[in-house]
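Student: coordinates only, sequence not included:
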Ligand code: SF4
């Protein structure tokens with residue numbers, strides 16, 4: 001690999017996985033050249049190696065070489081009565097190897113964002129539900145309803161990639177309309193309103209179900225803004241409603257909120273085309289649920305019982321297991337996350353993390369791992385689950401992948 005080069009990459013750092021990011025790699029340092037959005041540049045460059053990066057494994061306060069770290073980890077794992085693996089984001093091969101490891105050690109496997117996944121799945125399982133893809137939304141949607149408050153911070157390029165793309169097959173970008181419903185901050189609304197047709201209903205997230213009922217009943221009264229928005233919705237030919245469950249989950253009635261949006265979309269389909277498009281989290285959530293479903297039949301929260309994977313969304317909830325001392329060792333795996341990993345000091349913690357991983361307290365063992373699409377080739381699923389993207393290696397830090405590490409953990413002998 002050349003020491004300096006420019007190239008386009010597919011970004012692994014949120015579930016949109018944009019494939020148009022131009023970067024320059026100079027002595028393994030990544031500089032974003034295309035400036036899609038500042039948040040994205042910051043996010044991508046956060047993963048550059050600095051003096052604070054952990055490139056060496058450690059056990060307690062002692063540095064180890066890679067083989068020693070694998071042996072030490074295996075010794076701890078072999079002594080365990082119950083192992084829990086928490087996925088904080090890894091690629092398809094990473095999830096495959098986690099499940100393979102689980103079959104050898106009867107582990108529980110959970111993704112850190114499962115609680116959000118189950119919010120959406122609950123609606124799919126219990127009620128009717130219609131969804132669309134990013135591509136269809138980009139090409140056909142004329143009115144876009146965005147619910148929540150910080151979805152645009154978590155998935156910054158929803159605007160230019162999906163809602164108001166420069167090119168769209170069936171709708172001229174200038175004819176597209178965006179309606180923000182919830183607690184979006186004024187700055188976000190003002191910036192968007194400068195360039196696009198945007199309307200806003202400022203409303204507490206908890207009150208969204210009543211609003212949806214009101215718009216559906218068309219007995220809106222004297223509120224001109226809601227009246228205008230109701231008219232825009234009535235005239236839409238292809239309405240898309242989007243949200244991120246993590247945005248809504250802080251409210252007691254998140255299930256009701258999602259359910260009311262989904263019901264509204266189903267109702268709209270009686271007259272016109274409309275669809276839901278939930279946006280999954282940035283920790284390779286879609287990759288985890290897809291891969292786990294093929295391999296176990298369940299999207300998350302499974303335990304290998306000696307002969308098969310069993311699923312129970314309560315019993316296999318890693319947060320519950322850890323808080324209630326139902327495990328003695330937790331293996332946290334994090335390759336694309338920025339957020340601090342919460343460790344519980346009452347159990348042993350092994351962190352397989354990218355070099356800039358931060359944690360609430362020092363883990364017993366840390367093993368640095370490569371970032372998919374940066375340090376090794378990889379496959380990741382986009383939020384709408386209909387596209388899997390192949391990502392390239394773009395720097396040479398000799399960091400092993402999750403698959404390498406887990407295979408070594410299985411194979412190692414003292
Ligand atoms: S929107 Fe997400 S995938 Fe796209 S560049 Fe930003 S962080 Fe990366």
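Tutor: Cool, got the structure. Computed from a predicted model, the values in this text were never measured in an experiment.
Student: Next up, the contacts around the residue lying closest to residue 133 once chain neighbours are set aside.
Tutor: Setting aside the residues directly before and after it, residue 133 is nearest to residue 384 in space (C-beta to C-beta, 6 or more residues apart in numbering), at 4.3 Å. In short, each C-beta sits where N, CA and C put it, glycine included. By C-beta atoms under 8 Å, 6 or more residues apart in numbering, the contact set of residue 384 is 131, 132, 133, 134, 135, 277, 286.
Student: Same check on residue 346?
Tutor: Contacts of residue 346 by C-beta under 8 Å, 6+ apart are residue 325.
Student: can you tell me the helix or strand for the residue nearest to residue 133?
Tutor: Under the criterion of DSSP states H and E, residue 384 resides outside all helices and strands.
Student: so where's the chain shaky on pLDDT?
Tutor: Filtered on pLDDT under 70, the chain yields the residue ranges 1-4, 36, 414.
Student: Near the ligand, which residues of it? Just list them.
Tutor: Proximity of the chain to the ligand, by C-beta under 6 Å from any ligand atom, involves residues 11, 13-14, 16-18, 21, 36, 40, 43, 155-157.
Student: ok, residue 256 touching residue 209?
Tutor: Yes: under the criterion of C-beta atoms under 8 Å, residue 256 makes contact with residue 209 at 5.2 Å.
Student: From residue 240, how far out is the residue nearest to residue 133?
Tutor: 11 Å (C-beta to C-beta, to the nearest Å).
Student: now the strands: where do they sit in the stretch 201-350 of the chain?
Tutor: Taking DSSP state E, counting those that start in this stretch, the strands of the stretch 201-350 of the chain run over residues 238-242, 273-276, 302-304, 309-311, 329-334, 348-353.
Student: among those, which is nearest residue 86?
Tutor: Relative to residue 86, the nearest member of those by C-beta to C-beta is strand 329-334, separated by 5.0 Å.
Student: That closest one pairs with which strands, and in what direction?
Tutor: Strand 329-334 pairs in its sheet with strand 83-87 (parallel), strand 348-353 (parallel), by DSSP bridges.
Student: rewinding a little: may I see the strands of the stretch 201-350 of the chain arranged in JSON lines, with mean neighbour count as well?
Tutor: Shown next, in JSON lines, are these (neighbours: other C-beta atoms under 10 Å):
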{"stretch": "strand 238-242", "mean neighbour count": "25"}
{"stretch": "strand 273-276", "mean neighbour count": "22"}
{"stretch": "strand 302-304", "mean neighbour count": "22"}
{"stretch": "strand 309-311", "mean neighbour count": "16"}
{"stretch": "strand 329-334", "mean neighbour count": "26"}
{"stretch": "strand 348-353", "mean neighbour count": "24"}
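Student: What is the burial count for the residue in the stretch 51-200 of the chain positioned nearest to the ligand?
Tutor: Relative to the ligand, the nearest point of the stretch 51-200 of the chain is residue 157 (3.6 Å; C-beta to the nearest ligand atom). Number of residues near residue 157 (other C-beta atoms under 10 Å) recorded here: 20.
Student: shouldn't it be in contact with residue 19?
Tutor: No: with contact defined as C-beta under 8 Å, residue 157 and residue 19 do not form a contacting pair (11.1 Å).
Student: follow-up on the earlier one: in CSV: the strands paired with strand 329-334, plus distance to residue 393.
Tutor: Listed next are those as CSV, based on distance: least, C-beta to C-beta, whole Å:
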stretch, distance to residue 393
strand 83-87, 21
strand 348-353, 18
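Student: Ok, which of those strands comes nearest residue 114?
Tutor: Across the strands paired with strand 329-334, residue 114 has its closest neighbour in strand 83-87 (9.0 Å, C-beta to C-beta).
Student: between the residues of the chain next to the ligand, which is nearest residue 405?
Tutor: Closest to residue 405, out of all of the residues of the chain next to the ligand and judged by C-beta to C-beta, is residue 13, at 20.7 Å.
Student: Wasn't residue 68 part of a strand?
Tutor: No: Residue 68 sits outside any strand when classified using DSSP: H, G, I helix; E, B strand; the rest coil, being helix.
Student: for it, what are its contacts?
Tutor: Per C-beta under 8 Å, 6+ apart, neighbours of residue 68: 57, 59.
Student: run the last query once more with 6 Å
Tutor: Residues near residue 68 by C-beta atoms under 6 Å, 6 or more residues apart in numbering: none.
Student: picking up where we left off before, of residue 256 and residue 209, who's got more company?
Tutor: Neighbour comparison, residue 256 and residue 209: the larger count goes to residue 209, with 18 against 14 (by other C-beta under 10 Å).
Student: Which residue is the nearest non-sequential neighbour of the more buried one?
Tutor: Using C-beta to C-beta, 6+ apart and skipping the chain neighbours, the partner closest in space to residue 209 is residue 260 (3.7 Å).
Student: before we move on, the earlier item: return a ChimeraX selection command for the buried portion of the residues of the chain next to the ligand.
Tutor: Burial among the residues of the chain next to the ligand is assessed by 16 or more other C-beta atoms under 10 Å; the matching ChimeraX selection reads:
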select :11,13,14,16,17,18,21,36,40,43,155,156,157
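Student: With secondary structure added, can I get the residues of the chain next to the ligand in JSON lines?
Tutor: As requested, the residues of the chain next to the ligand are exported to JSON lines (three-state DSSP):
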{"residue": "11", "secondary structure": "coil"}
{"residue": "13", "secondary structure": "coil"}
{"residue": "14", "secondary structure": "coil"}
{"residue": "16", "secondary structure": "coil"}
{"residue": "17", "secondary structure": "coil"}
{"residue": "18", "secondary structure": "coil"}
{"residue": "21", "secondary structure": "strand"}
{"residue": "36", "secondary structure": "coil"}
{"residue": "40", "secondary structure": "helix"}
{"residue": "43", "secondary structure": "helix"}
{"residue": "155", "secondary structure": "coil"}
{"residue": "156", "secondary structure": "coil"}
{"residue": "157", "secondary structure": "coil"}
